[in-house]
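>>> sequence first, predicted model second:
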Amino acid sequence: MRLRRGALTSSLLALAVALHGSVLRGQSIRVTLLGTGGPLASLERFGPSTLIEAGGRTFLIDAGRGALQRLVQAGVPWQDVDGVLLTHLHSDHVVGLPDLWLTGWLVRPGRNRPLTVWGPRGTASMLAHLREAFAFDIQLRQSDDGAAPAGVLVSPVEVSDGVVYEGGGVRITAFSVDHAPVEPAFGYRIDYGGRSVVLSGDTRVSENLIRHAMGVDVLIHEVISAESFIRAGVPEERVRDVVARHVTPEQAGRVFARTRPRLAVYSHIAHSTATDEDLLPGTRREYSGRLAIGADRMTITIGDSIEVKEPGRQAPAGRVAQIDPVAVSPDRFKLLLDNPQVRVVEYVLLPGERDQWHTHPAKVSYVVSGGTLRITTEDGQSFLAEEKRGSATWMDALGRHFAENVGKTPVRIVLVEVKKQE
């Protein structure tokens, strides 16, 4: 049954405006992988650190090497960070903390409130010794540079299993994981507005993590590749010791298969030189769901749908030739309405079909009947998109791509393109 044009006009325009306003009010969780590497000093993968934005709150999970630089690249003011949550006290997870703490206080507009740092037992002692180590600089910056005294204060909170933060609709839960002999070590779950993300921290296969990650929207898990360590010349005995404290691709695949996230993501990838070929085959032997291999500055927006963007994937404005889907795939895209405010397009793709290369402006996407699409971008990247019936999502402009229906049901989506008003 086709949707009627007249009935759609006012209701879809109202939907576009209302939904766009809802998204702008922050009804989603936005995750940015600031650093996806490990102890190795790598220019491609900085030290482990993840930015979480939800409900007007901003948190960092761990602060590895280069966390502040990546925060700047993400366009997030350091003074807006509400706190840092440490999974454990290995140096590669905390070495960027003094930079975030002191530079974020000194460089104007600097932080003018205490920085809260949650972490395992030993966090308070570490922070006290950091303040002692930088005592000369702290005193001089206040007396000579006029830095705000409150901004250099650090409020440590040593956590145990359970809710460690709740405010503005955001709930953060710590759960212990198995990284022995490092004890305690934690993962974190963030819930907001019916959305959720779990970060594993460093761990072996952990039943406690699996319990906390069941049915989560996004599970971000560490992974280790023995092959990448061997290529780097690490002695095999040392490789065995390190691998025994982490999770291999096969093991991670089994974790993903049990927890069934809408999206599984690899981050804190060791060795930092590990390739897709090191990680994917083992994972795919155990898990067939949607998977992303994390990259520094990758963003994941968790709403009715989950949108993944990698840095550099979107060409600069004006460089991408716009390809109207109605013009190139008229059998897939039907124009229902076109006026000065909006253009409404119905999109239908049957199982096994694909459309032609095209682009989209910013739009509201309303799924009338759902299914599974494989999206391929012009640089050869490919990912699965689970289109959930009844979901409506505001989506930014999308560059050149095509879609294939790899599911068993027809996909029907109404696209409401909101035009720029002069």
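Alright, I've got the coordinates.
>>> next up, the contacts around the residue nearest to Ser382 when sequence neighbours are not counted.
Spatially, and ignoring its direct neighbours in sequence, Ser382 is nearest to Thr376 (4.7 Å; CB to CB, 6 or more residues apart in numbering). For glycine as for every other residue, the C-beta is placed from the backbone atoms N, C-alpha and C. Going by CB atoms under 8 Å, 6 or more residues apart in numbering, Thr376 touches 382, 401-404.
>>> in three-state terms, label Thr376 for me.
Secondary structure, DSSP: H, G, I helix; E, B strand; the rest coil: Thr376 is strand.
>>> specify the beta-bridge partners of it.
Ser382, Phe402 (DSSP bridges).
>>> could you chop the chain up by domain?
5-21+315-418, 28-302 (automatic domain parsing).
>>> for the ones you listed, which one sits closest to Lys309?
In terms of CB to CB, the element of the domains of the chain nearest to Lys309 is domain 28-302, at 4.9 Å.
>>> could you tell me the end-to-end distance of that closest one?
6 Å (CA to CA, to the nearest Å).
>>> what average pLDDT does that domain get?
In this model, domain 28-302 carries a mean pLDDT of 94.
>>> what about that domain, distance to the chain center?
11 Å (CA atoms, centre = their mean, to the nearest Å).
>>> repeat for stretch 407-422
How far stretch 407-422 lies from its chain's middle: 24 Å, per CA atoms, centre = their mean.
>>> I'd assumed Tyr266 was in a strand, is it?
Yes. Assignment of Tyr266 by three-state DSSP places it within a strand.
>>> might one say that it is in contact with Ala295?
No. Tyr266 is beyond contact range of Ala295, at 9.7 Å (criterion: CB atoms under 8 Å).
>>> can you list residues touching both of those two?
The contact sets of Tyr266 and Ala295 overlap at Thr36 (CB under 8 Å, 6+ apart).
>>> which one of these two is surrounded by more residues?
Just comparing Tyr266 and Ala295: by other CB atoms under 10 Å the higher neighbour count belongs to Tyr266, 24 against 17.
>>> how about that one, what does it touch?
36, 220-223, 252, 279, 291-294.
>>> make it 6 Å
223, 293-294 (CB atoms under 6 Å, 6 or more residues apart in numbering).
>>> got the phi and psi for Arg412?
Dihedral pair for Arg412: phi -130, psi 120, per degrees, to the nearest 10.
>>> what is the burial count for it?
21.
>>> who does it bridge with?
In beta-bridge terms (that is, DSSP bridges), Arg412 pairs with Val348, Ser369.
>>> quick check: it vs Asp191, distance?
Distance, Arg412 to Asp191, by CB to CB, to the nearest Å: 31 Å.
>>> also Ala74?
Taking CB to CB, one finds Ala74 at 22 Å from Asp191.
>>> tell me which of the two has more neighbours.
A direct count of neighbours by other CB under 10 Å for Ala74 and Asp191 places Asp191 higher, at 20 against 16.
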